[in-house]
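Asker: fold the following and give me the result.
(one chain, ligands or ions: 2)
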Amino acid sequence: METGATDAQVKVVAQRVDALGLKSHVIVGTERVVVAAIGEKREHFKDSLEVLEGVSAVVPIVAPYKMASLEVRGEPSCIEVLDFKAGAGQFGVIAGPCSVESEDQILQTARAVKAAGATALRGGAFKPRTSPYSFQGLKEDGLKMLAAARDETNLAIVTEVMGTGDVDLVAKYADVLQIGARNMQNYRLLEAVGAVGKPVLLKRGASATMDEFLLAAEYILNEGNPDVMLCERGIRTFEEHTRFTLPLASVPYLHRKTHLPVIIDPSHGTGHTYMVPDMAVAAVAAGADGLILEVHPDPSSAMSDGYQSLNFEGFERTMQRVNVVRQALASLS
Ligand code: PEP
Ligand code: MN
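Answerer: Ligands and ions are numbered 1, 2, ... in the order given. Next up is the predicted model:
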């Protein structure tokens, strides 16, 4: 739409799009409003929309993912919930244990990560474990512990939802719904979290291409939920010195292709505590919009992923290094 187009003009355009058998999405940016028209392309559509008042241009989008593309929105998105902000120049840090283990563990961690500068608390209550014999999470009890930690600290709660049947339950307690790497292409689950209206942290599948990743995000956006963050958490390669291989080139690539914030997970991306601080700093230098870091009061006794978790002191030092790099980069602009 032209800058200054009225709400009424936007509404007429959206109605015309729907009447043409397409699906309209109104995207409100700081500079301009875009009406996305999703569906099969037909020649006469362009002409019949171009003549409407307030329309600046009708532009075909070549990317297979439409709502996720930077082309459509024209500016980066910022996801905001409680004190957490990521994207469009805002940097968000999500920290906490792999799994919620007890009220004491999650409260202690929440206080420590908040004091060091985190704005969101992670912690799995439903855990996708490789073996069915491993700890599967505290389920609703874990969600209640997370909610209690939010009530005390105002940290936004980020927690995984594994199945469509759990979406309402997890959404009742969480501020951000995490879709794990193993579920990145569970399309019914993506649709279900798209319908909930809470921000989503979508983790990249360990063998997913960037197009597959962005099309997975598109499933959520297409349900009308605009608040999706993309999380690079490493991919499976022939390499064995790390748990996964963490491609930081994903950050500039995704920033070129999409307006969605990009969060880096150096914990799962390396699988080794000693590598996490360096890769966190590298992610910031690469332009990431945020980090998700596993932090545990005593990593050696963690019920999952202790070998890649920072203790409180390690997290605090990592945050100091992250902040120094962020300030150095900000001083250039
Ligand atoms: C997690 O965040 O603890 C997790 C299971 O991550 P991923 O889905 O990336 O393996
Ligand atoms: Mn984990």
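Asker: the closest residue to ligand 2 within the stretch 201-333 of the chain and Phe135: what is the separation?
Answerer: Ligand 2 sits closest to Asp305 of the stretch 201-333 of the chain, with a gap of 3.7 Å, by Cβ to the ion. Using the backbone N, CA and C atoms, a C-beta is placed for each residue, glycine as well. Per Cβ to Cβ, to the nearest Å, Asp305 is found 11 Å from Phe135.
Asker: just to revisit the earlier point, so who does the residue lying closest to the residue of the stretch 201-333 of the chain closest to ligand 2 once chain neighbours are set aside touch?
Answerer: Distances taken as Cβ to Cβ, 6 or more residues apart in numbering place Cys98 nearest to Asp305, at 3.7 Å, with adjacent residues excluded. Shown in contact with Cys98 (Cβ atoms under 8 Å, 6 or more residues apart in numbering): 123-124, 127, 267, 294, 296, 302-306, 309.
Asker: around ligand 2, which positions in the stretch 51-200 of the chain sit nearby?
Answerer: Cys98 (Cβ under 5 Å from the ion).
Asker: quick one: the strands in the stretch 51-200 of the chain?
Answerer: For the stretch 51-200 of the chain, the strands defined by DSSP state E, counting those that start in this stretch cover 79-81, 84-86, 92-96, 120-122, 156-160, 176-179, 200-203.
Asker: nearest to ligand 1, out of those?
Answerer: For ligand 1, the closest of these is strand 200-203, at 4.2 Å, according to Cβ to the nearest ligand atom.
Asker: counting by contacts, list what the helix or strand following the closest one packs against.
Answerer: Next helix or strand after strand 200-203 toward the C-terminus (DSSP states H and E): helix 210-221. Judged by 3 or more Cβ pairs under 8 Å, 6 or more residues apart in numbering; DSSP states H and E, the packing partners of helix 210-221 are helix 187-196, strand 200-203, strand 228-232, helix 250-257.
Asker: tabulate the ones you listed (CSV), appending mean pLDDT.
Answerer: Formatted as CSV, those follow (pLDDT from 0 to 100):
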stretch, mean pLDDT
helix 187-196, 98
strand 200-203, 98
strand 228-232, 99
helix 250-257, 98
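Asker: and those, which is most packed in?
Answerer: Stretch with highest mean neighbour count among the helices and strands packed on helix 210-221: strand 228-232 (a mean of 28; mean count of other Cβ atoms under 10 Å).
Asker: can that one be found next to ligand 2?
Answerer: No: between strand 228-232 and ligand 2, judged by Cβ under 5 Å from the ion, nothing touches; the nearest distance is 12.1 Å.
Asker: got the angle between that strand and strand 156-160?
Answerer: Angle between the axes of strand 228-232 and strand 156-160 is 60 degrees (criterion: axes from the mean of the first three to the mean of the last three Cα atoms, to 10 degrees).
Asker: strand partners of strand 228-232, parallel vs antiparallel please.
Answerer: strand 200-203 (parallel), strand 262-264 (parallel) (DSSP bridges).
Asker: hmm, Ala95 is touching Ala115, no?
Answerer: No: if you go by Cβ atoms under 8 Å, Ala95 and Ala115 don't touch, sitting 11.0 Å apart.
Asker: so for those two, which residue has more residues nearby?
Answerer: Ala95 (30 against 13; other Cβ atoms under 10 Å).
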